[in-house]
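Engineer: Pasting a predicted model and its sequence here:
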2 protein chains.
Amino acid sequence: MNHLAVAQTIIDCDIHNAMPNDHTLFKYLPSRWRYHYETIGPRVHWGGNYPRAVPNAARLDSWPPSGLPPGGDLDFLRSQLLDNWNIEIGILNCLYNVGGEINLDFAAALAQAINDWQISEWLEPEPRLRASLLVPYEDGELAAAEISRVGSYNRFAQILLLARTRDPLGHRRYWKMYEAAAQYELPIGIHFGGAGGGPLTGAGFPSYYIEDHGGMPQAFYAQVVSLVTSGVFEIFPTLKVVLIEGGFGWLPPLMWRLDATWLQFKDEAPLLRRLPSEYIRNHFWITTQPMEEPSQRHFFPQLLEQLAMDDRLMFATDYPHWDFDAPFRAFPVKLAQPLERKIMAENARLLYRL
Amino acid sequence: MNHLAVAQTIIDCDIHNAMPNDHTLFKYLPSRWRYHYETIGPRVHWGGNYPRAVPNAARLDSWPPSGLPPGGDLDFLRSQLLDNWNIEIGILNCLYNVGGEINLDFAAALAQAINDWQISEWLEPEPRLRASLLVPYEDGELAAAEISRVGSYNRFAQILLLARTRDPLGHRRYWKMYEAAAQYELPIGIHFGGAGGGPLTGAGFPSYYIEDHGGMPQAFYAQVVSLVTSGVFEIFPTLKVVLIEGGFGWLPPLMWRLDATWLQFKDEAPLLRRLPSEYIRNHFWITTQPMEEPSQRHFFPQLLEQLAMDDRLMFATDYPHWDFDAPFRAFPVKLAQPLERKIMAENARLLYRL
């Protein structure tokens, strides 16, 4: 056990478990879709993860001795993460690209397989874990069907989407999914990554992975703007959204800009009854890893004050990825104890009802 | 004359003059392209300006008594803007969509016509004005040719692009234009707007103009990331870039994020020898209109401190657009006199050598 972490209760909101191999997947996939997987295979719009040669963008020390891939071995994840850092509860976000699969029926079959595998091989054996429910999110009705199928299993913490979708998430094509999420009281988690077929930027496809990684807030920015502007939170007033691994330094200026724009263009979005920043502060949560690390430490408290979302920040390690945040060095400045407790555990406990 | 503005020297870095009608355009367009204009006409990727019914997104009081469109009448612009606000020098940014024209030869002909019209009908008659040089920027060589044709006329202040391009501006297709800009010592101005054919967001096409307007920093964000990452500033070390009407609240967190990402992924961008934030602070200038207006006034000095670009901010009115910034209410807090002088005039004077 790591002694630096003993004193503080920790809930880790972003842990990546991984499907170890096809053999395990096939145990949970109907034969029709096993045949599809073996003959045609996954087909997605292009995206990218770093580093390519290491599955799941993993820390080099996260390979389990069993030979399974990083995040693929529950026993090793227990000892390297949960025991070592004394983590009370951890949320699994399996990044198997279900939502990006362009054959939507295959996507639905994959979601069902991954969710059943998570129940059997992760959640039932390990009481400290919760998991995100994977859905074929590019079709609202198929996504809603999967939520109805397993959403009442109380160890699923949220629905998991990736940030780069086919259309901005306020579009009507996604509303059936929100209706089901609200019905089952499951937040919508939006995680770094994905690929909807278009470029990441408003000016075409960039050349470097630095631009993909450094530029990912553009996708989060678009999703926040779209979810708010579309009036989704008036239609589904209990809907909650978690921004995972997208940072938040970009969010205060976005709130300022969007409030000013909305005051000018209200007529265009008649569903909205409050300032965009009020919807953001009422409906969004944010995980901490990675935070923009300001060039000067005193900018960090400024950022927290501008954000004014102390009740919405939630600690995450991003285990086993290369940019893992250890609990004892997650923040550039020492936080006041009550705030640290909120961020390290209590905000997540309230949101996910842990 | 407006007495509130008398005390302070003002250089206005974003004034929009407009081509009044086809008749004037045809005086400057070769017959081959007049025929093209009359038979086929402009063809561009879709974009949008607000309000649609008013040309050039104009203030309702900016219609000249002559019947010409807002920004189309030099005498009226003189009295309503330059005289009324005691503006020493103003930079014209004509938003005629030359760069978005998808027939690039027609784009080159339009650029030539607009530039010749600006020289004859704006710059020669009015010594207080400078203008941006329009170029068919989606082809680096055609753009370089237009810069070579008129770039030595000393009343052109910069090259004008729009923020939403076909590819991010670090791409090699634009390098010949930068080479010519550096040779003629002309900054590259990147203005709000444009449409390169792709969506504004990393998640597809949004539904509302609120999203286009509130989301435009995404395009600026992408251009900053691309210009820095591509190494353009190592190849053209004297190249200067002005971000016009894009705000800057998003820039400090972008610098933090990009520095951290670059430190991790240096190998991918071997041309870079310094932190991305150093290239940004050395090569970029920013106009003030519109600024993100923070929800609390004391956030504004925080933002200026985080930005650390006091020598690079330049006042702009955006006349005659609906979101005009009057000089006496451009800032949410009273600035110290030396900083106010820099922003209102002296930074622009140095950059543009006025």
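Structural biologist: Ah, there it is.

Engineer: from here on, contacts and neighbour counts on C-alpha atoms
Structural biologist: Fine.

Engineer: counting contacts, what elements does the longest strand anywhere in chain A pack onto?
Structural biologist: For chain A, the longest strand by residue count, based on DSSP state E, is strand A:156-164. Of the remaining helices and strands, those touching strand A:156-164 by 3 or more CA pairs under 8 Å, 6 or more residues apart in numbering or on different chains; DSSP states H and E are strand A:129-134, strand A:188-194, helix A:217-229.

Engineer: how does it look with 6 Å?
Structural biologist: strand A:129-134, strand A:188-194 (3 or more CA pairs under 6 Å, 6 or more residues apart in numbering or on different chains; DSSP states H and E).

Engineer: Just the residues contacting that strand, thanks.
Structural biologist: Applying CA atoms under 6 Å, 6 or more residues apart in numbering or on different chains, the contact partners of strand A:156-164 are A:130-134, A:186-196, A:219, A:352, B:202-203.

Engineer: now the angle from it to helix A:217-229?
Structural biologist: Here strand A:156-164 points in a direction 120 degrees away from that of helix A:217-229 (axes from the mean of the first three to the mean of the last three CA atoms, to 10 degrees).

Engineer: tilt between the helix or strand just after strand A:156-164 and strand A:188-194?
Structural biologist: With elements assigned by DSSP states H and E, the helix or strand that comes after strand A:156-164 is helix A:175-183. Here the directions of helix A:175-183 and strand A:188-194 differ by 130 degrees (the same axes, to 10 degrees).

Engineer: what about A:Pro30, how many residues close to it?
Structural biologist: 14 (other CA atoms under 10 Å in any protein chain shown).

Engineer: How far off centre is the helix or strand bottoming out on mean pLDDT in chain A?
Structural biologist: Ranked by mean pLDDT, DSSP states H and E, the weakest helix or strand in chain A is helix A:209-215, scoring a mean of 86. Distance of helix A:209-215 from the chain centroid (CA atoms, centre = their mean, to the nearest Å) equals 18 Å.

Engineer: Does that helix reach chain B?
Structural biologist: Yes: residues of helix A:209-215 contacting chain B under CA under 6 Å from any CA of the partner chain: A:Gly214.

Engineer: Which residues does stretch A:70-79 contact?
Structural biologist: Residues contacting stretch A:70-79 (CA under 6 Å, 6+ apart): A:Asn17, A:Ala18, A:Met19, A:Pro20, A:Ser62, A:Trp63, A:Pro64.

Engineer: Check the average confidence over it, would you?
Structural biologist: Stretch A:70-79 comes out with an average pLDDT of 94.

Engineer: Give me the buried positions along that stretch.
Structural biologist: The neighbour-count check on stretch A:70-79 (16 or more other CA atoms under 10 Å in any protein chain shown) flags A:Pro70, A:Gly71, A:Gly72, A:Asp73, A:Leu74, A:Phe76, A:Leu77, A:Arg78 as buried.

Engineer: Now do the end-to-end distance for it.
Structural biologist: 13 Å (CA to CA, to the nearest Å).

Engineer: Close to chain B: what parts of the stretch 101-250 of chain A are there?
Structural biologist: For the stretch 101-250 of chain A, the residues in contact with chain B (CA under 6 Å from any CA) are A:164-168, A:199-204, A:206, A:214, A:218-219, A:222, A:249-250.

Engineer: tally of neighbours for A:Ile15?
Structural biologist: Residues lying near A:Ile15 (other CA under 10 Å) number 25.

Engineer: ok, now A:Asp22?
Structural biologist: Residue neighbour count, defined by other CA under 10 Å, stands at 11 for A:Asp22.

Engineer: In terms of pLDDT, where does it sit?
Structural biologist: On pLDDT, A:Asp22 comes in at 90.

Engineer: Would you check how far apart it and chain B are?
Structural biologist: Distance of A:Asp22 to chain B, computed by CA to the nearest CA, to the nearest Å: 30 Å.

Engineer: who's in contact with the residue nearest the centre of chain A?
Structural biologist: In chain A, the centroid-proximal residue (CA atoms, centre = their mean) is A:His191; its distance is 3.1 Å. Residues in contact with A:His191, defined by CA under 6 Å, 6+ apart, are A:Leu162, A:Ala163, A:Ile244.

Engineer: Bridged to it, which residues?
Structural biologist: A:Leu162, A:Ile244 (DSSP bridges).

Engineer: got any ranges where the stretch 51-200 of chain A has weak pLDDT?
Structural biologist: Residue ranges of the stretch 51-200 of chain A with pLDDT under 70: A:51-56.

Engineer: Tell me, how many residues neighbour the residue of it found nearest chain B?
Structural biologist: Chain B sits closest to A:Leu200 of the stretch 51-200 of chain A, with a gap of 3.8 Å, by CA to the nearest CA. For A:Leu200, the count of nearby residues is 30 (other CA under 10 Å).

Engineer: Let me know whether it touches B:Gly204 as I believe.
Structural biologist: No: A:Leu200 is not in contact with B:Gly204 according to CA atoms under 6 Å; the separation is 8.8 Å.

Engineer: And the closest residue in space to A:Pro217 that isn't next to it in sequence, how far from A:Glu179?
Structural biologist: For A:Pro217, ignoring the flanking residues on the chain, the nearest one in space by CA to CA, 6 or more residues apart in numbering or on different chains is A:Gly246 at 5.7 Å. A:Gly246 is 25 Å from A:Glu179, where distance means CA to CA.

Engineer: residues in contact with the closest residue to chain B within the stretch 201-350 of chain A?
Structural biologist: Using CA to the nearest CA, A:Gly202 is the residue of the stretch 201-350 of chain A that sits closest to chain B, at 3.8 Å. Residues in contact with A:Gly202 (CA under 6 Å, 6+ apart) are B:Pro199, B:Leu200, B:Thr201, B:Ala219.

Engineer: Max pairwise distance over these: which two?
Structural biologist: B:Pro199 and B:Ala219 (10.0 Å; CA to CA).

Engineer: which residues of the stretch 1-150 of chain A fall in helices?
Structural biologist: Applying DSSP state H, counting those that start in this stretch to the stretch 1-150 of chain A gives helices spanning A:22-28, A:31-39, A:74-77, A:104-118, A:140-150.
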